[in-house]
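# Below are the sequence and a predicted model; questions follow.
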Amino acid sequence: MDTLLNFLIDWGYWGMLVASFLAGSFFPFSSEAVMLALQAAGLEPLPLVIYATIGNALGSYFNYGVGRLGKLEWIEKYLHVSAESLKKAEHFMGGRGAFMGIFAFLPILGSAITIMLGLMKANIPIAFTTIAVGKLLRYVILAFGGTFLF
């Protein structure tokens, strides 16, 4: 994991995009650690937020696409998202549909939410917009939140 993290840091902004894609999809990866390391290395926060948001949203869109295929056995086998996690996401979403994409930033549950949106065949423009907004808010708080505390 350290080797991968160092590799992504060496790639700068593009490393941020790849790290956030991995974290936004089903891979257990911390794009937050990469963002903080890149900021500590001197990269500008605004471009980091942009690259991270794009990569993380694309990872969630990938999850949506897999969910839209409707193959539960693939989701459990290859994405390692259990039927129980999907049930929790479905319960959390409570019939609100595509607008629940805003919560795709949540750890663990976020991947299940985006997969569930695909399974439900939620409205793509609304789902993708709300997913992107949630991801953007997450990275803005991460990149700029510390400046408000100190």
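Here it is on my side, so go on.
# can we go C-alpha only for contacts and neighbour counts from here?
OK.
# hey, which helix or strand in the protein has the poorest pLDDT?
Of all regular secondary-structure elements in the chain, judged by mean pLDDT, DSSP states H and E, the least confident is helix 2-10 with a mean of 73.
# which residues in this protein form helices?
With DSSP state H, the ranges of helices along the chain come out as 2-10, 13-24, 31-40, 45-69, 72-78, 83-93, 109-119, 124-149.
# Mind checking the pLDDT average for the longest one?
If you average the pLDDT over helix 124-149, you get 86.
# again, but for the second one
The pLDDT scores in helix 13-24 average 90.
# Check what contacts it and list those residues.
Applying CA atoms under 8 Å, 6 or more residues apart in numbering, the contact partners of helix 13-24 are 7-9, 28-31, 34-35, 43, 47-48, 51-60, 111.
# Now, of the residues you listed, which are buried?
Judged by neighbour count, with 16 or more other CA atoms under 10 Å as the criterion, the buried members of these are 8-9, 29, 31, 34-35, 48, 51-60, 111.
# Spatially central, which residue of this structure would that be?
Gly24 (2.6 Å; CA atoms, centre = their mean).
# measure that one to Gly94 for me?
Distance of Gly24 to Gly94, given as CA to CA, to the nearest Å: 22 Å.
# do Leu136 as well
In terms of CA to CA, Leu136 sits 24 Å off from Gly94.
# Just want to know which of the two has more residues nearby.
Neighbours of Leu136 and Gly94, each counted by other CA atoms under 10 Å, are more numerous for Leu136; the result is 22 against 10.
# Quick one: residues contacting the closest residue to the more buried one other than its chain neighbours.
The spatially closest residue to Leu136, leaving aside those adjacent along the chain, is Thr53, at 5.3 Å (CA to CA, 6 or more residues apart in numbering). Each residue near Thr53 by CA under 8 Å, 6+ apart is listed here: 17, 20, 132, 135-136, 139.
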